[in-house]
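Undergrad: I need the structure of the sequence given here:
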Amino acid sequence: MAKTSNQDYSVRRGKLNKKDKVIYRISYGKQQVYTADSSATPASPAQKAHRKFFGKITTLVNAIVNDPQQYEIWEAKRVAYNHSVALDPLAKRYKTVRSYAHAVLSEQLANSQSVNRRRKPVPKALPRGLKLHIKPFAELSTTELYEIIKSRFNVFYLEQHIFYPDLDDIDYLATHFALFRKGHVIAYARLIPGLSPEEASIGRLLSIERGKGFGKYVMQQIELSAQTKGIQSLTLHAQTQTVPFYESLGYKPIGDIFQEAGISHILMKKSLA
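TA: Next comes the predicted model:
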């Protein structure tokens, strides 16, 4: 290996020795040896859980900051909490943290700071092996229906712990949009007719493989199908932590937050006209 003087502060990488899996590097005039496995340390399960937890907090804070109606609701909750009586020392400490968080949110709202969320682009064409099935209930095969129900059970019941009648008879009236891979549903939603021919609603949106744009793809296909049927507006009940996702698709919150199946929701609407 070539010699390097102590005055040469450039870093030069050597090739990986495949036989003993050692990387040679000359740095600051000295030869350093690294094993191939020591170049990066994988995150521990605790670190992954920590990142996931604070990611959910960030999503909720972004939804509150960008929506004045939600902000007013949370402000009322803060005032009510700060006026509660018989606070123990731990609760008083929590009260101080909430006051600081309120000040940060107030400043962000006053400055009208937008939150840029990096998301996967919607795929222009489905990858090989994926197929979107768009069918009314009467045209679903028993296998398709079974896979749709299984995906809804896995996401809403096992993952989100929503104890609510999923089979609500609305499936008979809905058009089902199911994205399949190797016979299994990886994204799904249903389009429900409204009280008038110009209105409809979306329900049961789910994605088994998150972060790949499949949920957005299904939503866009629903909107295209709705436009061909003359539908002019779409509504949905969004969980509060998913509000930024629907806002990125053009949906706007309407009214106050309400409880549905024990989870905070808000009505959102998009005009297709």
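Undergrad: drop to CA atoms for contacts and neighbour counts, all remaining ones
TA: Will do.
Undergrad: Would you confirm that residue 253 contacts residue 246?
TA: No - assessed by Cα atoms under 8 Å, residue 253 is found out of contact with residue 246, at 9.2 Å.
Undergrad: got the contact list for residue 187?
TA: By Cα atoms under 8 Å, 6 or more residues apart in numbering, the residues touching residue 187 are 178, 179, 180, 205, 206, 207, 208, 209, 214, 215, 218.
Undergrad: For residue 253 and residue 246, indicate the residue with more neighbours.
TA: Per other Cα atoms under 10 Å, whichever of residue 253 and residue 246 has more neighbours is residue 253, with 22 against 19.
Undergrad: Beyond the helix or strand hosting that one, next helix or strand please.
TA: Residue 253 is part of strand 252-260 when elements are defined by DSSP states H and E. Counting by DSSP H and E, the next helix or strand C-terminal to strand 252-260 is strand 263-271.
Undergrad: counting contacts, what elements does that following strand pack onto?
TA: Where contact means 3 or more Cα pairs under 8 Å, 6 or more residues apart in numbering; DSSP states H and E, strand 263-271 is packed against strand 233-239, strand 252-260.
Undergrad: Can you say which of those strands is nearest to residue 130?
TA: strand 233-239 (25.8 Å; Cα to Cα).
Undergrad: What average pLDDT does that closest one get?
TA: Averaging pLDDT along strand 233-239 gives 95.
Undergrad: next one: stretch 261-273
TA: 91.
Undergrad: Can you give me the buried ones in it?
TA: 265, 266, 267, 268, 269, 270, 272 (16 or more other Cα atoms under 10 Å).
Undergrad: hmm, who's touching that stretch?
TA: 162-164, 223, 227, 231-240, 250-259.
Undergrad: Stretch 152-171 spans what distance, first to last residue?
TA: With Cα to Cα, to the nearest Å as the measure, stretch 152-171 spans 12 Å from end to end.
Undergrad: List the neighbours of it that are in contact with it.
TA: 137, 190, 192, 204, 206, 208, 261, 262.
Undergrad: for the stretch 101-250 of the chain, what are the low-confidence residue spans?
TA: 101-125 (pLDDT under 70).
Undergrad: Start from the N-terminal end of it and give the helices.
TA: 142-152, 214-228, 243-247 (DSSP state H, counting those that start in this stretch).
Undergrad: Dump those helices to a markdown table, plus distance to residue 75.
TA: Output for these, formatted as a markdown table (distance: least, Cα to Cα, whole Å):
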| stretch | distance to residue 75 |
| --- | --- |
| helix 142-152 | 34 |
| helix 214-228 | 31 |
| helix 243-247 | 18 |
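Undergrad: out of those, which comes closest to residue 66?
TA: That would be, of the helices of the stretch 101-250 of the chain and by Cα to Cα, helix 243-247, which comes in at 8.4 Å.
Undergrad: which other helices and strands contact that closest one?
TA: helix 45-65.
Undergrad: Start and end of stretch 170-188, how far apart?
TA: 15 Å.
Undergrad: My error: substitute stretch 239-252 in the last question.
TA: 13 Å.
Undergrad: Need the contact partners of stretch 227-245.
TA: Contacts of stretch 227-245 (Cα under 8 Å, 6+ apart): 56, 59-60, 62-63, 197-203, 226, 246, 253, 257, 263-273.
Undergrad: Need the per-residue pLDDT for residue 44.
TA: pLDDT, read off for residue 44, is 73.
Undergrad: With residue 20 instead?
TA: 54.
Undergrad: Need the helices and strands packed on strand 263-271 in TSV (columns: distance to residue 143).
TA: Listed next are these as TSV, based on distance: least, Cα to Cα, whole Å:
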stretch	distance to residue 143
strand 233-239	27
strand 252-260	30
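Undergrad: follow-up on the earlier one: winner for burial among the helices of the stretch 101-250 of the chain?
TA: helix 243-247 (a mean of 20; mean count of other Cα atoms under 10 Å).
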